[in-house]
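> Structure here, sequence nowhere to be found:
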């Protein structure tokens with residue numbers, strides 16, 4: 001499945017316990033290369049600790065998902 005003009009994109013950060021830390025993106029996007037920066041804060045605006053986090057990118061319709069790890073260093 002390829003992203004198109006009607007594609008909804010979600011980008012969510014999770015901690016190692018599987019809890020959602022922050023929803024970074026939930027909306028339509030045009031095809032192409034995009035960069036989204038996370039400021040290391042949770043949904044309440046509080047800074048989270050250094051460590052390993054997961055991000056999940058989901059494209060809908062079709063529910064194409066990709067999950068990767070990342071390390072937050074302060």
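That came in fine, so what should we check first? Fair warning: this is a prediction, and the values are worked out from it, not measured in the lab. Numbers count the residues shown, from 1 in each chain.
> so where does residue 67 fall, helix or strand?
Element membership of residue 67, judged by DSSP states H and E, is strand 64-72.
> how about the strands in the chain?
Counting by DSSP state E, residue ranges of the strands within the chain are 8-14, 20-28, 51-60, 64-72.
> Can you tell me which of those strands is nearest to residue 41?
Nearest to residue 41, of all the strands of the chain, is strand 20-28, at 7.0 Å by C-beta to C-beta. (Each C-beta comes from the backbone N, C-alpha and C, glycine too.)
> what lines up beside that closest one in the sheet?
Using DSSP bridges, the strands paired with strand 20-28 in its sheet are strand 8-14 (antiparallel).
> Show me the contact partners of the strand it pairs with.
3, 20-29, 36, 38, 53-61 (C-beta atoms under 8 Å, 6 or more residues apart in numbering).
> again, only this time at 10 Å
3, 19-29, 34, 36, 38, 40-43, 48, 53-61, 65, 67, 69-70, 72 (C-beta atoms under 10 Å, 6 or more residues apart in numbering).
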